[in-house]
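Trainee: What would the 3D arrangement of this be:
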Amino acid sequence: MIRILYTAILCFAFQTNYSQNTGVEKSIYNAQTGFLGFWINNESRLFNEISLRSEIGLDVGLRGCSDCTTQYALAPVITLEPRWYYNINKRNRADKGRNNSANFLALGINYHPDWFVISNAHNAYVSNQIAIIPKWGIRRNIGNSNFNYEAGIGIGYLYYLDDNFSETTADLHLRIGYTFK
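Mentor: Now for the predicted structure:
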C-alpha cells in the first residue's frame, strides 16, 4: 500500500512539473522599447498555445527634410492582440520556451486615441484611428535572463474614425524588453 502511495505521489509530482513546462505562461508582464516608442504589456494565457496581449505605450513619429527642422511626436497607443505561439510546446521540450519565447501569429488591434501628443511641433495632433493587422513574429530570450527581443511584420487596414477613411498599412516592430513575473 505504501509503495502504491509513493508511486502515485511521484507520478503526480512529475505530472505537475511537466504541466508547468507546457504551453504559454499563465501571465507575464513586459516593458519594451524600440526605435519608435516604448510600451508596457501583459500576456495572459487563454489556451495552451494562445495568449491575449494587452498593451499601452507611446508610439514615436518622425518627420523631416533636408532644409527643415526634424519634428517628432509621441502619441499614446492601446493594443489588444491575441497570439498563437505555434511552436511553444516544441521549444518548451527543448527547455527554450520560457517567457513565451517562440514564433507566433497574431491579430493586432491598435487604437491611437486623440488624447495628447508630446511634440516639438506647434499644434501637432493624431486623429482617432484603429488598425487591424495580422502579423507573424518571433520572440526570444537573451541568454538565461529575463531580457528578450521581439520582431514582427504584418500588413492590414488603418481606419481613421473622425474622417471615415481607411487605407492599407504595414507594421514592422523591433523591440527589446524585460519580463517581470
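
Trainee: Residue nearest the middle of this structure, spatially speaking?
Mentor: Centroid check for the chain by C-alpha atoms, centre = their mean gives R53 as the closest residue, at 5.9 Å.

Trainee: check contacts around that one.
Mentor: R53 sits next to N41, N42, E43, T79, L80, E81, P82, R83, A106 when contact means C-beta atoms under 8 Å, 6 or more residues apart in numbering. (C-beta placed from N, C-alpha, C; glycine too.)

Trainee: Now for the third one, how many residues are close by?
Mentor: To tie it back to what came earlier, the one meant is E43. By the criterion of other C-beta atoms under 10 Å, E43 has 24 neighbours.

Trainee: OK, contacts around it?
Mentor: Neighbouring residues of E43 by C-beta under 8 Å, 6+ apart: V24, E25, S27, I28, N30, S51, L52, R53, R83, N100.

Trainee: that older thread, only the buried members of the contacts of R53: can you turn that into a ChimeraX selection?
Mentor: Listed next is the ChimeraX selection for buried residues among the contacts of R53, using 16 or more other C-beta atoms under 10 Å:
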select :41,43,79,81,82,83,106
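
Trainee: Strands - which of the contacts of R53 land there?
Mentor: Judged by DSSP state E, the contacts of R53 include N41, N42, E43, T79, L80, E81, P82, R83, A106 as members of strands.

Trainee: partner residues bridging the third one?
Mentor: When bridges are taken as DSSP bridges, the partners of E43 come out as I28, R53.

Trainee: hang on, isn't N128 packed against D114?
Mentor: Yes: using C-beta atoms under 8 Å, N128 is in contact with D114, at 4.9 Å.

Trainee: which residues do these two both contact?
Mentor: D162.

Trainee: which strand is the longest one in the protein?
Mentor: Identified as the longest strand of the chain according to DSSP E is strand 165-180.

Trainee: hmm, who's touching that strand?
Mentor: Residues contacting strand 165-180 (C-beta under 8 Å, 6+ apart): 28-35, 39, 99, 108, 110, 131, 133, 135, 137, 146-160.

Trainee: So which bits of it are buried?
Mentor: The neighbour-count check on strand 165-180 (16+ other C-beta under 10 Å) flags T169, D171, H173, R175, G177, T179 as buried.

Trainee: Same check on stretch 32-52?
Mentor: Within stretch 32-52, the residues that qualify as buried are Q32, G34, G37, W39, N41, E43, R45, E49, I50, S51, counting by 16+ other C-beta under 10 Å.
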